[in-house]
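>>> Please work out how this folds:
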Amino acid sequence: MEQLAQIEDSVKALWEKAKRAGDTIVRLREEKQALTSEVHVLRQEVGKLKGELAAREQQIQRLVAAAGEAKSSIGMSNGEREQLTAKVKELLARIDAYL
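Below is the predicted model of the structure:
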């Protein structure tokens with residue numbers, strides 16, 4: 001009779017451990033799903049930001065090229081040159097702030 005009680009207690013303990021393990025597995029699967037979803041969203045956002053960055057880099061290149069052409073073809077006054085420099089710096093600051 002005593003052995004039967006010991007076996008019953010062992011089975012109950014094993015059952016509780018298995019139940020806790022099952023609960024942990026379910027919780028971890030849910031966490032994994034949530035994290036996988038978050039990673040997907042973040043990857044999409046990174047792709048979007050990379051596209052925006054490429055577009056802004058092209059815009060900067062066009063502005064720099066235009067500034068070079070304007071400087072070589074038109075005699076710019078000091079004030080105009082400073083305004084253009086300020087505009088380019090402002091655009092670069094905006095890009096840095098966005099990133």
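
>>> Quick check: longest helix in the chain by residues?
Longest helix in the chain, counting residues (DSSP state H): helix 2-73.

>>> quick check: mean pLDDT across that one?
Mean per-residue pLDDT for helix 2-73: 91.

>>> Measure how far it is from the centre of its chain, please.
10 Å (C-alpha atoms, centre = their mean, to the nearest Å).

>>> ok, then the element right after that helix?
helix 78-98 (DSSP states H and E).

>>> mean confidence score for that next one?
81.

>>> Now do it against helix 2-73, angle only.
Relative orientation of helix 78-98 versus helix 2-73 (axes from the mean of the first three to the mean of the last three C-alpha atoms, to 10 degrees): 170 degrees.

>>> residue nearest the centroid of the protein?
Taking C-alpha atoms, centre = their mean, the centroid of the chain lies closest to residue 42, which sits 4.6 Å from it.

>>> For that one, give its distance to residue 96.
In this view, residue 42 and residue 96 are 21 Å apart by C-beta to C-beta, to the nearest Å. Backbone N, C-alpha and C define where each C-beta goes, glycine included.
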